[in-house]
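Chemist: Need coordinates for the following:
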Amino acid sequence: MSELNTDAFWMPFTPNRAYKAAPRIVERAEGIYLTTDTGRQIIDATAGLWCSNAGHCRAEIADAIHRQAQTLDYSSIFNFGHELGFQYAERLIKHTPDGLNKVFFGNSGSEAVETALKIALQYQRARGKGERKILIGREKGYHGVNFGGISVGGLPPNFQAFGQPLQVAHLPHTLDIERNAFSRGLPEHGVELADELERLVNFHGAERIAAVMVEPFAGAGGVILPPKGYLKRLREICDKHDLLLIFDEVITGWGRMGSAFASIEFDVIPDMITSAKGITNATVPLGAVFVKDGIYNTVMDAAPEGTVEFFHGYTYSAHPVACAAGMATLDIYEREGLLTRAGGDIGKHWENALHSLADMDNVIDVRNYGLAGAVELRAPENLKGKVGGKASAMAWEAGVMARGIGDAICMSPPLIIEAHEIDTIVEKLRGVIGSLA
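Modeler: So this is what the prediction gives:
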């Protein structure tokens, strides 16, 4: 094989010069394992990027993609349709919380977020409250990389070069290691942080606020879990002031937390849910927004008969090949019980295994829920915010793909993972963390 030329590809969220000086190339994948171009086998403890929930290279999904590409590879979804799109939408809403029965398709989590924010603004306008334009996000929140997403998002590097062009305000994040270190599941302390929404409402005026968008747990912020009662309190405040509540479940959807959606797991029903990643097991890009019937009906009723009600959409919305991949993915999730597996014995084993690292001197916190988790490391002053990245690189060399976020090692393994594979991950991490100490 000729030497790989990496020059033309401008890689996303990557220090390109450093990477291209020493590329890490994945050549194949199967189940929970990746194989590099040098033949090394790596445990994928991140399910790709929080997305390959059913494991890699499932033949059933690949076959469905192949069949669909030979039958109907593409058809415009503007003023036309294909049966699979309607069938897929009907099947998806069998898993959503009660009342969220409308589906708007896009191609990614970023597009789902952008769509949800535009639906929120359109809804307010449709009901005669067009002055409601302020959107509220949360510090350390990640909502993709489009301008709406970086506006409500709360990760400074993602917006500092571009600004936050929408009218936004931000809730404080819920990471409180001092009070909640080594929590198993949801932390006990911090429900009062939700009351900051009341302060923002009083400051800006409820009559100017359109919606609140949060992740049930902050993924790219470092697996930051909501304190007990926090999400319910946000729902109460939104109801009190007539604000829409949007859950970004791009990461938490499709079994990650032990239920189909975190909103079901935590018994809090938002007005909209954004979804992507695991929706097709990451095989073909697809995103979706699940919308309450009342929002949809309000937008429909406000538009004159025969006109476009919502001037928004994508060339590849409900792409037939993506829908076929999604249908096959649902077959696997349903047949293998993957949407609830993380809430059972394997989730408990994951919790116990991760927390076994709490005895290490340089581990200052372990966070977990379902099949997601993070190990926070003590950082020397000159490496604060960088230890996670260093640990991630060392974990790769040890045979585990894990994400470094700040000073944390973050993981979200495929939902098919077995106990002995979890033990291997933790054993390898113990070696990495020990070396860093």
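
Chemist: Would you map the helices across the stretch 201-350 of the chain?
Modeler: Remark: helices assigned in the stretch 201-350 of the chain by DSSP state H, counting those that start in this stretch are 230-241, 262-265, 293-302, 320-336, 338-341, 345-355.

Chemist: Quick one: mean pLDDT for the third one?
Modeler: Averaged across helix 293-302, pLDDT comes to 98.

Chemist: quick revisit: so which of the helices of the stretch 201-350 of the chain comes closest to A89?
Modeler: helix 320-336 (8.7 Å; C-beta to C-beta). C-beta here means a position set from N, CA and C on the backbone, and glycine is covered the same way.

Chemist: now the closest one: how far from the chain's centre is it?
Modeler: Counting by C-alpha atoms, centre = their mean, to the nearest Å, helix 320-336 is centred 19 Å from the centre of its parent chain.

Chemist: before we move on, the earlier item: of all the helices of the stretch 201-350 of the chain, which lies closest to E249?
Modeler: When those are compared by C-beta to C-beta, helix 262-265 sits nearest E249, at 5.9 Å.

Chemist: rewinding a little: okay, the helices of the stretch 201-350 of the chain, which one's buried deepest?
Modeler: Among these, the stretch with the highest mean neighbour count (mean count of other C-beta atoms under 10 Å) is helix 262-265, at a mean of 23.

Chemist: ok, residues contacting it?
Modeler: Here helix 262-265 makes contact (C-beta atoms under 8 Å, 6 or more residues apart in numbering) with 97, 216-217, 247, 249, 252-253, 256-259, 269-270, 273, 343, 370.

Chemist: Could you report the neighbour count for G219?
Modeler: Counted by other C-beta atoms under 10 Å, the residues lying close to G219 total 26.

Chemist: That one touches I251, doesn't it?
Modeler: Yes - counting by C-beta atoms under 8 Å, I251 is a contact partner of G219 at 4.0 Å.

Chemist: need the contact list for the residue most central in space within the chain.
Modeler: In the chain, the centroid-proximal residue (C-alpha atoms, centre = their mean) is I251; its distance is 2.2 Å. Residues near I251 by C-beta under 8 Å, 6+ apart: W50, E215, F217, G219, K277, A372, S412.

Chemist: Show me which pair in those is furthest apart.
Modeler: For the contacts of I251, and using C-beta to C-beta, no pair is farther apart than F217 and K277, which are 14.1 Å apart.

Chemist: of those two, who's got more company?
Modeler: Between F217 and K277, K277 has the larger neighbour count (other C-beta under 10 Å), namely 29 against 26.

Chemist: any idea how far the nearest residue to that one once chain neighbours are set aside is from Q122?
Modeler: Closest residue in space to K277, ignoring its immediate chain neighbours: C51 at 3.6 Å, by C-beta to C-beta, 6 or more residues apart in numbering. From C51 across to Q122, the span is 29 Å (C-beta to C-beta, to the nearest Å).

Chemist: same thing with A260?
Modeler: For A260, the distance to Q122 - C-beta to C-beta - is 27 Å.

Chemist: Next: F105.
Modeler: F105 is 17 Å from Q122, by C-beta to C-beta.

Chemist: Between the two, tell me which one has more neighbours.
Modeler: F105 (26 against 21).

Chemist: mind checking the SS state of that one?
Modeler: strand (DSSP: H, G, I helix; E, B strand; the rest coil).

Chemist: Could you do the one 5 residues further on as well?
Modeler: When states are read from three-state DSSP, the local structure at S110 comes out as helix.

Chemist: any idea what sits nearest it, other than its immediate chain neighbours?
Modeler: S110 sits nearest to G144 (C-beta to C-beta, 6+ apart), 2.9 Å away.

Chemist: I would like the residues contacting stretch 349-366, please.
Modeler: Counting by C-beta under 8 Å, 6+ apart, 177, 180-182, 184-185, 342, 368, 370-371, 373-378, 408, 413, 417, 419, 422-423, 425-426, 429-430, 433-434, 436-437 sit against stretch 349-366.

Chemist: Mind giving me the ChimeraX select for those residues, buried ones only?
Modeler: To isolate the buried members of the contacts of stretch 349-366 in ChimeraX, using 16 or more other C-beta atoms under 10 Å:
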select :180,182,342,368,370,371,373,374,375,376,377,378,408,413,417,422,425,426,429,430,433,436
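
Chemist: what about dumping the CA coordinates of stretch 368-377 to CSV?
Modeler: Extracted in CSV, the C-alpha atoms of stretch 368-377 (Å, rounded to 0.1, in the frame of the first residue of the first chain):
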residue,chain,number,x,y,z
ASN,A,368,-21.9,7.3,36.0
TYR,A,369,-25.4,6.6,34.8
GLY,A,370,-26.6,3.8,32.5
LEU,A,371,-23.7,3.0,30.2
ALA,A,372,-22.0,6.4,30.4
GLY,A,373,-19.3,7.5,32.7
ALA,A,374,-16.4,9.7,33.5
VAL,A,375,-13.3,9.5,35.7
GLU,A,376,-12.0,13.0,36.8
LEU,A,377,-8.3,13.2,37.4
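
Chemist: Run the chain-centre distance for that stretch.
Modeler: Stretch 368-377 sits 15 Å away from the centroid of its parent chain (C-alpha atoms, centre = their mean).

Chemist: and if you look at stretch 64-72?
Modeler: Counting by C-alpha atoms, centre = their mean, stretch 64-72 comes out at 28 Å from the chain centroid.

Chemist: ditto for stretch 268-287
Modeler: The answer for stretch 268-287 is 8 Å, by C-alpha atoms, centre = their mean.

Chemist: Show me which positions of that stretch end up buried.
Modeler: Buried-residue list, stretch 268-287, by 16+ other C-beta under 10 Å: 268-287.

Chemist: cool, and stretch 390-398?
Modeler: K390, A391, S392, M394, A395, W396, A398.

Chemist: about what we covered before: residues contacting the residue nearest to K277?
Modeler: A276, K277, G278, N281, A282.

Chemist: How about H241?
Modeler: V201, A206, I209.

Chemist: quick one: which of those is nearest to T36?
Modeler: I209 (48.6 Å).

Chemist: got a pLDDT number for the closest one?
Modeler: 98.

Chemist: ok, now P380?
Modeler: 88.

Chemist: burial of it, as a residue count?
Modeler: 10.

Chemist: what do you get for K118?
Modeler: 16.

Chemist: Kindly report the same for the one 3 residues further on.
Modeler: Here the number of neighbours of L121 (other C-beta under 10 Å) works out to 19.
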